[in-house]
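> The following comprises the amino acid sequence and a computationally predicted model.
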Amino acid sequence: MADWQRTHTCGELRDTHIGETVTLNGWVNTYRGYNNQVFVDLRDRYGLTQVVFESDAPELSQLANSLGREYVLSVTGKVRARLPGKDNPKLVTGKIEVQAEKARVLNACPTPPIEITEFGNELANEDIRLQYRYLDLRRKTLQDTLIMRHKLCKTIRDYLDQREFLEIETPLLGKSTPEGARDYLVPSRLYHGEWYALPQSPQLYKQLLMVAGYDKYFQIARCLRDEDTRADRQPEFTQLDLEMSFVEMDDIFKVIEGLSVAIFEKCLGIALPTPFQRMSYAEAMLKYGSDKPDLRFGMEIVDISALAANSEAKFFQEIVAAGGVVRGLNVKGAAAKFSNSELKPKGKIVEFANRYGSKGLSYVKVEADKITGGLEKFFTPEAQKELLTAFNAEPGDLLLIVADKEAVVCDALGALRGHLASLLKLFDPKTFNILWIVDFPSFMRDEEENRWVALHHPFTSPRDEDLAHMESDPGKVQAKAYDLVMNGYEVGGGSIRIHSPEVQSRVFSMLGMPEEDAKARFGFLLDALKFGAPPHGGIAFGLDRWAMMLAGTTNIRDVIAFPKNAKARDVMTGAPALVDKKQLSDLGIK
RNA sequence: GGGGACGUAGCUCAAUUGGUUAGAGUACCGGACUGUCGAUCCGGUGGUUGCGGGUUCGAGCCCCGUCGUCCUCGCCA
């Protein structure tokens, strides 16, 4: 061992080490200097240790005076107790300090463009932090997050290994398949003009592994989708991909609930109650306007279509007559919290709702002896009472009502519900709510393309009892599909798959894919299903979103070591970037 | 592709709504200080107000264009 190499980490020393001579390696976190005495907090990922330079030796004091933030240092010295009353209770190493006897600068550092130490909430802008990501990653919160993410993966591997799951890798270079997200394409050098696609998920490969008899599979797999980003979405992300043979939905639920409990226990020390609540897709859409409802707070949506249709309001009557719905939220006690101008056309609240396609929003402020807001003239006193009863409204409440096509009403009210809850702080952001959404429809009508599309994906098995009317009434077919939802985020989704080649062919043709097309695109799957495919199903966990939940952040870039920015660029390396002409000509691209 | 917010010192922000020399905190540099720990105190350096054009006696502020960042709608089976 070289004489500068560490004997201990910066988070390790306690009063039991007093008297020992140790060597620490780390970064200068903070520097507090005097004439003849310099305090340095030396940092590594394990913690901070205070080092004191108070030697008379000119070499050592000269070195101490030349130090700067983020210098990389090796210090050898004796562990000693701090002076009485000078302990630092904020540090686990706060009872001791290392008196430097020998020190060596392993590397200097110019003034960092961003501050590494964290206090207050004064982080630099994200773009500059991403540009110097290796500096930002030195921050304790980011280190803690990545350590947590490691624990998450370790827990997953341990838990599944104990249950005889096999971790198997699947290809990155695959074949582009239609439907779904836009593919990232990779040109082939050996076959000019032909392209690989990077996987959107290992979906088909894991089904083929089931056919091959690997009846419990998982993979912590990178997935790539060339779509626009969001706060919780970037082009490459990680899934825990899992598949099992000879199972039904309840078997998957059991594994995932057990795994979730293990994750919360290991990562946060929280005991999650099981079994998880289950809610039908229909109920979620009706009561929460979303297929990923946040149940940390109430504020359920109330349907008043019948009441509205019987009112004097022509716009309500017309919308209901045309098959639309009228629904609303009771924002308890919020009547005084929003001005009328926020609630009128062009107001903030209305504009927010209208982003989701609604063309307006009615509001009712409930007062002790009357209601106000503009709707009151359309409702008889009796109808007003019914309205208040429907909403369980009391004086001081604010009712927000949207009338439109059902999908628009759900979207607008669902988004409004979440928006208002965080605005009014209706829930504790440190709590967790987890549930299954089940009973999804298999197919949805794509109005633009005028065809049926799979809500989940085309390999999802319909319920056995719905197979008979799949062609005659596709809208009524329900899928053996399930989503795992936490705090309003979809953190997992899966299904029991189709294992019959006939059913799979019927679904493809339902989706408007002629047999030749299906064969060209998915022939390998149809073939595989013929050769003795077992019943199987599985799930994909959004690992980044799980890490977000555990870390208490809403930004996916906080849980990825080297993320892309909102425009899909890696601002540190500059990717994507131009390449040499030679590289392109090798690939047959001019 | 659409909408919104933003861009001022290395970093975080301010500038009385168009008015004199663009300020503060922090960082950095120098000085003081023998127990600090977000050290403190004193002093100092630091600016093409993203970039280009325009309006004006005068622009950080208004207008047009452009680049960039974040959020969002569409999109993400």
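Great, that's in hand.
> which residues of the stretch 1-150 of chain A score low on pLDDT?
Where the stretch 1-150 of chain A drops to pLDDT under 70, the residues are A:120-121.
> got the residues of it near RNA strand B?
A:30-37, A:39, A:41, A:50, A:52, A:54, A:68-69, A:82-83, A:86-88, A:90-91, A:94, A:97, A:111, A:113-115, A:117, A:119-120, A:122-128, A:130 (CB under 7 Å from any atom of the strand). Yep, even glycine has a C-beta here, placed from its N, CA and C like the rest.
> From the residues you listed, which land in helices?
A:126, A:127, A:128, A:130 (DSSP state H).
> which ones are touching the closest residue to the third one other than its chain neighbours?
Think residue A:128. Leaving out its chain neighbours, the residue that sits closest to residue A:128 by CB to CB, 6 or more residues apart in numbering is residue A:114, at 6.1 Å. By CB atoms under 8 Å, 6 or more residues apart in numbering, the contact list for residue A:114 reads A:123, A:124, A:128, A:129, A:132, A:135, A:136.
> Secondary structure class of residue A:468, three-state.
Recorded secondary structure, residue A:468: helix (DSSP: H, G, I helix; E, B strand; the rest coil).
> that's a strand at residue A:60, yeah?
No - checked against three-state DSSP, residue A:60 lies outside a strand; its state is helix.
> if we can go back for a sec, could I have the buried ones of the residues of the stretch 1-150 of chain A next to RNA strand B as ChimeraX selection syntax?
In ChimeraX, this line selects whichever of those come out buried by 16 or more other CB atoms under 10 Å:
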select /A:39,41,50,52,69,91,94,97,126,130
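> related to what we said a few turns ago, out of the ones in helices among the residues of the stretch 1-150 of chain A next to RNA strand B, which one sits closest to RNA strand B?
Nearest to RNA strand B, judged by CB to the nearest atom of the strand, of those is residue A:127 at 3.8 Å.
> which one is the closest one nearest to, not counting chain neighbours?
Counting by CB to CB, 6+ apart, the nearest residue to residue A:127 once its immediate chain neighbours are dropped is residue A:571, at 6.1 Å.
> Contacts only, for the one you found.
Shown in contact with residue A:571 (CB under 8 Å, 6+ apart): A:127, A:130, A:131, A:565.
> Report the two of these separated the most.
Using CB to CB, the two most remote members of the contacts of residue A:571 are A:131 and A:565, lying 9.6 Å apart.
> Now do the contacts for residue A:156.
A:218, A:220, A:240, A:259, A:263.
> Show only the entries of those found in strands.
A:218, A:220, A:240 (DSSP state E).
> Checking my notes, the residue nearest to residue A:127 in a strand, right?
No - checked against three-state DSSP, residue A:571 lies outside a strand; its state is coil.
> low-scoring pLDDT stretches of the stretch 301-450 of chain A, where are they?
Residue ranges of the stretch 301-450 of chain A with pLDDT under 70: none are present.
> Just want the residue of it that's nearest RNA strand B.
Residue nearest to RNA strand B within the stretch 301-450 of chain A: residue A:355 (4.8 Å; CB to the nearest atom of the strand).
> what's the spacing between that residue and residue A:525?
Counting by CB to CB, to the nearest Å, the separation of residue A:355 from residue A:525 is 39 Å.
> Those two: which is more packed in?
Each of residue A:355 and residue A:525 has its neighbours counted (other CB atoms under 10 Å); residue A:525 has more, 24 against 10.
> from what I can see the more buried one touches residue A:207, true?
Yes - if you go by CB atoms under 8 Å, residue A:525 and residue A:207 touch, sitting 6.9 Å apart.
> Find residues that contact each of these two.
Common neighbours of residue A:525 and residue A:207 (CB under 8 Å, 6+ apart) are residue A:459.
> need the strands for the stretch 1-150 of chain A, in chain order.
For the stretch 1-150 of chain A, the strands defined by DSSP state E, counting those that start in this stretch occupy A:21-33, A:38-44, A:47-53, A:72-81, A:96-107.
> Can you spell out which helices and strands pack onto the first one?
So the one you mean is strand A:21-33. strand A:38-44, strand A:47-53, strand A:72-81, strand A:96-107 (3 or more CB pairs under 8 Å, 6 or more residues apart in numbering; DSSP states H and E).
> Between the contacts of residue A:156, identify the one with the most neighbours.
Neighbour count (other CB under 10 Å) singles out residue A:218 as the most crowded of the contacts of residue A:156, with 26 neighbours.
> Okay, and the beta partners of it?
residue A:167, residue A:242 (DSSP bridges).
> Next one: it from residue A:157, what distance?
Applying CB to CB to residue A:218 and residue A:157 gives a distance of 8 Å.
> Now do the shared contacts for these two.
With CB under 8 Å, 6+ apart as the test, residue A:218 and residue A:157 both reach residue A:167.
> ok, so of the contacts of residue A:156, who is nearest RNA strand B?
Comparing the contacts of residue A:156 against RNA strand B with CB to the nearest atom of the strand picks out residue A:240 as the nearest, at 14.9 Å.
> For the residue lying closest to the closest one once chain neighbours are set aside, give me its contacts.
The shortest distance from residue A:240 to any non-neighbouring residue, by CB to CB, 6+ apart, is to residue A:541 (3.8 Å). Going by CB under 8 Å, 6+ apart, residue A:541 touches A:239, A:240, A:241, A:242, A:256, A:484, A:491, A:492.
> Tell me the secondary structure at residue A:541.
Assignment for residue A:541 (three-state DSSP): strand.
> What residues are bridge-paired with it?
residue A:240, residue A:492.
> Quick check: it vs RNA strand B, distance?
Using CB to the nearest atom of the strand, to the nearest Å, residue A:541 is found at 14 Å from RNA strand B.
> what pLDDT does that residue get?
Looking at residue A:541, its pLDDT reads 95.
> now residue A:535
98.
> Wait, it touches residue A:496, no?
Yes - between residue A:535 and residue A:496 there is a contact under CB under 8 Å: 7.3 Å.
> Of those two, which one has the most company?
Between residue A:535 and residue A:496, residue A:496 has the larger neighbour count (other CB under 10 Å), namely 24 against 16.
> What is the neighbour count of residue A:537?
When neighbours are defined as other CB under 10 Å, residue A:537 has 28 of them.
> Name the next helix or strand following the helix or strand hosting it along the chain.
Assessed by DSSP states H and E, residue A:537 sits inside strand A:536-542. Sequence order places helix A:543-551 as the next helix or strand after strand A:536-542, per DSSP H and E.
> Contacts for that next one, please.
A:144-145, A:148-149, A:152-153, A:220, A:232, A:237-240, A:263, A:267-268, A:432, A:486-487, A:489-491, A:554-556, A:558-560.
> filter these to the buried ones?
Applying 16+ other CB under 10 Å to the contacts of helix A:543-551 flags A:145, A:148-149, A:152-153, A:220, A:232, A:237-240, A:263, A:267-268, A:486-487, A:489-491, A:556, A:558-560 as buried.
> just to revisit the earlier point, can you list residues touching both of residue A:535 and residue A:496?
With CB under 8 Å, 6+ apart as the test, residue A:535 and residue A:496 both reach A:247, A:248.
> Return the residues in contact with residue A:328.
A:301, A:302, A:304, A:362, A:391, A:399, A:400, A:401, A:402, A:413.
> 10 Å instead, please
With contacts defined as CB atoms under 10 Å, 6 or more residues apart in numbering, the neighbours of residue A:328 are A:301-304, A:308, A:361-364, A:387, A:390-391, A:398-403, A:409, A:413, A:416.
> Those: which ones sit near RNA strand B?
Of the residues in these, proximity to RNA strand B by CB under 7 Å from any atom of the strand holds for none.
> and these, which of them are in strands?
Going by DSSP E, the strands hold A:302, A:303, A:362, A:363, A:364, A:398, A:399, A:400, A:401, A:402, A:403 from these.
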